[in-house]
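Asks: How does the following fold in three dimensions:
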Amino acid sequence: MEPGKTPKQFHGENEKKILEDFWKEMAARSSLKVITFKGYSFDIPFIYVRSRINKVRPTVEICTYKYGMEKSNHFDCMLALSHLGTFPWVSLEILCRTHGITVPPDREGGEMVANLYEKRDWKAILEHNNGCLELTAKAL
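Replies: Take a look at the predicted model:
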């Protein structure tokens, strides 16, 4: 995320439209580097699978080949911190603490998102994701 810029967010109840909007934005920003936290093993494969299910055609290929990550269009912070997966898990909290970033004491882990999804609590999911985005941006 560029300093002073608001990130583009894709959310709502219509998954197909969210995916269509996401891929349209990706096509418009093909030179942009995607920054994720666990994106190689979850976020990007999940987006591709949900796109197939919704019959939405991806407009660009987002790299998930971890050995080419440094020169690709996708950088995964967790993968970098885990030394390309040598360590099984490096949490966002560990990333923050190693960079001197204070993690809110009441912050819940990502495992709670599934429960929020079941409840269709889009606002709480968006707030959680915004918190993750802010912490990751501070660490970069």
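Asks: okay, CA-based contacts and neighbour counts for the rest of this
Replies: Fine.
Asks: which one is residue 24 nearest to, not counting chain neighbours?
Replies: residue 59 (7.0 Å; C-alpha to C-alpha, 6 or more residues apart in numbering).
Asks: give me phi/psi at the spatially most central residue of the chain?
Replies: Note on the chain: the residue nearest the mean C-alpha position is residue 36, at 4.2 Å, using C-alpha atoms, centre = their mean. Dihedral pair for residue 36: phi -130, psi 170, per degrees, to the nearest 10.
Asks: residues touching it, list them.
Replies: By C-alpha atoms under 8 Å, 6 or more residues apart in numbering, the contact set of residue 36 is 43, 74-78.
Asks: low-scoring stretches of this structure, by residue?
Replies: 1-6, 30, 140 (pLDDT under 70).
Asks: all helices for it, in order.
Replies: 15-28, 44-53, 77-81, 92-98, 113-118, 122-139 (DSSP state H).
Asks: The first one: which residues count as buried?
Replies: Going by neighbour count (16 or more other C-alpha atoms under 10 Å), the buried part of helix 15-28 is 18-20, 22-23, 26.
Asks: Can you check what angle separates that helix from helix 44-53?
Replies: Taking axes from the mean of the first three to the mean of the last three C-alpha atoms, to 10 degrees, one finds helix 15-28 and helix 44-53 inclined to each other by 120 degrees.
Asks: and helix 15-28, C-alpha only, in PDB?
Replies: Extracted in PDB, the C-alpha atoms of helix 15-28 (Å, rounded to 0.1, in the frame of the first residue of the first chain):
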ATOM      1  CA  GLU A  15     -19.300 -13.100  -4.600                       C
ATOM      2  CA  LYS A  16     -19.400 -13.200  -8.400                       C
ATOM      3  CA  LYS A  17     -19.500  -9.400  -8.700                       C
ATOM      4  CA  ILE A  18     -16.600  -9.100  -6.100                       C
ATOM      5  CA  LEU A  19     -14.500 -11.500  -8.200                       C
ATOM      6  CA  GLU A  20     -15.400  -9.800 -11.500                       C
ATOM      7  CA  ASP A  21     -14.400  -6.400 -10.000                       C
ATOM      8  CA  PHE A  22     -11.200  -7.800  -8.500                       C
ATOM      9  CA  TRP A  23     -10.100  -9.300 -11.800                       C
ATOM     10  CA  LYS A  24     -11.000  -6.100 -13.700                       C
ATOM     11  CA  GLU A  25      -8.900  -4.100 -11.300                       C
ATOM     12  CA  MET A  26      -6.000  -6.600 -11.600                       C
ATOM     13  CA  ALA A  27      -6.100  -6.200 -15.400                       C
ATOM     14  CA  ALA A  28      -6.000  -2.400 -15.100                       C
END
